[in-house]
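In: quick one: sequence and predicted model below, then my questions.
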Amino acid sequence: MKNKRIPYIIDTTLRDGEQAPGVVFSLKEKIEIAEWLDQLGIPELEIGTPAISRSEQNDIRCLINQGFSFKSTCWARATRHDLNAALNTGADRVNLSFPVSELQLKALGKTTAWIFKELPEIMKMANENFSFVAVGAQDASRADRNLLKEYIAAAEFYGARRIRIADTVGILNPQSTKELFEDLSFAFPQIDFEFHGHNDFGMATANHAVALTSGASSASLTINGLGERAGNGALEEVIYALKYSFGIDLGYDGNLLNRLSDLVENFSKRQLPLSKPVTGQMAFSHESGIHCRSLKENPLSYQPFNPEEIGRDMVFVIGKHSGTGALSELLEKRNIFLSKTEISDLISRIKATSARLKRDLNFSEIRTLIPEHQVRLSI
């Protein structure tokens, strides 16, 4: 494993997460999300983009004045206008962003010469007014590698404390992520690299975990992967991928992570997929009779970790693929006891009904399939 440092987690739910189309957090909601992240122990939050509006600047100032333990960082384009807006919040940390790919530069009517012309003055202004200046390489994953390295060297020379490598449209994969960060960390062993990846092809969790074990020392993530288009790297997924796939336990409380996921789902009005990894409603639900039988003996037989770790329960769903064991357990919990033959007959009726309805069955529906004379309640 390339990176020997403990991965440093930055949450950007209040900045990049809120950039998801149609998502707006009220100040009260921002404070509540920040309170939970502070309680969780996330060391740094990117809390907004001051240049959006005066109202945004006021919200950021209010968040900073709450006295949270985490470090508060503002995001800004590399312009004097954005830096002045950040100064108006009272923030002492800023993350400046330059586009570095030819595609992004052309879209803005800029050239690479513009980057190196603007960088010295912008960094001078930033370093004179902020105690910590990070510099982002927007669309770094599509940038010419030699240009990217030249940019990193210049940003460090002019005082950047951290360099954000952004996979702006999520085109990296675990293999290319590993190669990129091994290359950059070899070329610049003294630099603190942050990875900021998007999820356009569903690889953000894997890419962040790989980046953090291949040279990146920090990653910026959002709760539930909230963000533009297909979203960002999901903080809770990356934390659990590091723990159970890479053996790196950051010590975060799973119960708090699960509750944070619910909170952000509610505030963002972005319903999570039922089978979303780690915090999806059905992430620990099982129907297959073969699986359920083994799960009753050992919850880890068909789960990567015990759901109790995040305050959840393992759930057996009754439907077309169910076996008699899960059904018997369900009935016994409701004090209904059937013979083996009756259970076998009932499971056949359940399978047929489930196939016809194209879904699982709830207990009320199962109850109607039991002949009344067969029901024996415990006393």
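Out: That came in fine, so what should we check first?
In: I223 contacts A234, correct?
Out: Yes. At 7.4 Å, I223 counts as touching A234 under the criterion of CB atoms under 8 Å. (C-beta placed from N, C-alpha, C; glycine too.)
In: what helix or strand is V94 located in?
Out: Counting by DSSP states H and E, the element that carries V94 is strand 93-99.
In: please export the C-alpha coordinates of that strand as PDB.
Out: The C-alpha trace of strand 93-99 is given here as PDB (Å, rounded to 0.1, in the frame of the first residue of the first chain):
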ATOM      1  CA  ARG A  93      -9.400  28.700   4.800                       C
ATOM      2  CA  VAL A  94     -10.100  28.600   1.000                       C
ATOM      3  CA  ASN A  95     -10.000  26.100  -1.800                       C
ATOM      4  CA  LEU A  96      -9.100  27.800  -5.100                       C
ATOM      5  CA  SER A  97      -9.900  26.100  -8.400                       C
ATOM      6  CA  PHE A  98      -8.400  26.400 -11.800                       C
ATOM      7  CA  PRO A  99      -9.500  24.400 -14.900                       C
END
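In: state the mean pLDDT of that strand.
Out: When pLDDT is averaged over strand 93-99, the result is 97.
In: so what strands line up beside it?
Out: strand 71-77 (parallel), strand 132-138 (parallel) (DSSP bridges).
In: contact partners for M123?
Out: Shown in contact with M123 (CB atoms under 8 Å, 6 or more residues apart in numbering): L96, V133, V135, A155, Y158, G159, A160.
In: likewise for E287?
Out: F316, V317, I318, G319, K320, H321, S322, D360.
In: what are the boundaries of the helices in the stretch 251-379 of the chain?
Out: Under the criterion DSSP state H, counting those that start in this stretch, the stretch 251-379 of the chain contains helices at 254-268, 289-297, 324-333, 340-357, 363-368.
In: how about a markdown table for the ones you listed, with mean pLDDT and distance to A204 added?
Out: Listed next are the helices of the stretch 251-379 of the chain as a markdown table, based on pLDDT from 0 to 100; distance: least, CB to CB, whole Å:
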| stretch | mean pLDDT | distance to A204 |
| --- | --- | --- |
| helix 254-268 | 97 | 16 |
| helix 289-297 | 79 | 28 |
| helix 324-333 | 85 | 34 |
| helix 340-357 | 90 | 35 |
| helix 363-368 | 89 | 38 |
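In: mind checking how far the helix or strand harbouring I31 is from the chain centre?
Out: Using DSSP H and E, the element containing I31 is helix 27-40. Chain-centre distance of helix 27-40: 16 Å, with CA atoms, centre = their mean, to the nearest Å.
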